[in-house]
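> My questions are about this predicted structure, shown below with the sequence.
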Amino acid sequence: QGVLVPGLGTFAVVPEQINSTEEVYVVRRPVFQLDMDVSCLQELVFPTVMIPGDIMIMPLDYWSLSQTNSLPPDLVRGCVEETILLYSFQLRDRQHPAFAFENIGILSCQDNVLCMQFHCSCIAGLESQDTWVALLLT
């Protein structure tokens, strides 16, 4: 399943088959498909990631988020929306702050390349069998 963060992009876990000389590995790895207003991304390069059509994409669950921090869902929604709006304004103004997602990774811009770098712990948590292969791929 994937999660759509409106105005920012979609996080998903996709299976990927890797053929080695000795065996075939199928690993689950995290991906991020950017979905921002292109006017925010002037002069920035970002990797094109396509999430397969068979992966179910769900909207961000503000109610569940509100349960983890004891804030009302509407307040959580407003905070997420305002944070994404601020981030897009900063990109438009050629500021390149890092956008950290707890326990997931960091969306950062280095040398005008905007990309998602997943934490090793996130990747390892998704793939218990072939962790090293998944880490190398991501």
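Done, it's in.
> what about the nearest residue to Gln110 once chain neighbours are set aside, distance to His119?
Take Gln110 and drop its neighbours on the chain: the residue closest to it by CB to CB, 6 or more residues apart in numbering is His96, 7.7 Å away. For every residue, glycine as well, the C-beta is placed using N, CA and C. In this view, His96 and His119 are 20 Å apart by CB to CB, to the nearest Å.
> Now Ile57: phi and psi?
Torsion angles at Ile57 (phi, psi; degrees, to the nearest 10) stand at phi -110, psi 130.
> do the same with Pro30
According to degrees, to the nearest 10, Pro30 has phi -80, psi 150.
> go on, Asn103?
Backbone torsions of Asn103, given as degrees, to the nearest 10, read phi 70, psi 10.
> Am I right that it is in contact with Cys122?
Yes. Using CB atoms under 8 Å, Asn103 is in contact with Cys122, at 6.3 Å.
> Compare neighbour counts for those two and give me the winner.
Taking neighbours as other CB atoms under 10 Å, Asn103 and Cys122 compare with Cys122 leading, 17 against 9.
> Next up, the contacts around the closest residue to that one other than its chain neighbours.
Closest residue to Cys122 apart from its sequence neighbours, by CB to CB, 6+ apart: Ile104 at 5.3 Å. Residues counted as contacts of Ile104 (CB atoms under 8 Å, 6 or more residues apart in numbering) are Phe11, Pro30, Phe118, His119, Cys122.
> so how far is Pro30 from the residue of the chain most remote from its centre?
Within the chain, the residue lying farthest from the chain centre (CA atoms, centre = their mean) is Glu22, at 31.8 Å. When distance is defined by CB to CB, Glu22 is 26 Å away from Pro30.
> Can you tell me the closest non-neighbouring residue to Phe99?
In space, Phe99 is closest to Leu107, 4.1 Å off (CB to CB, 6+ apart).
> What ranges does this protein have for its helices?
For the chain, applying DSSP state H gives helices covering 62-69, 73-92, 120-126, 131-137.
> Now tabulate the ones you listed in TSV and tack on mean pLDDT.
What follows is the helices of the chain, written out as TSV (pLDDT from 0 to 100):
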stretch	mean pLDDT
helix 62-69	91
helix 73-92	92
helix 120-126	80
helix 131-137	55
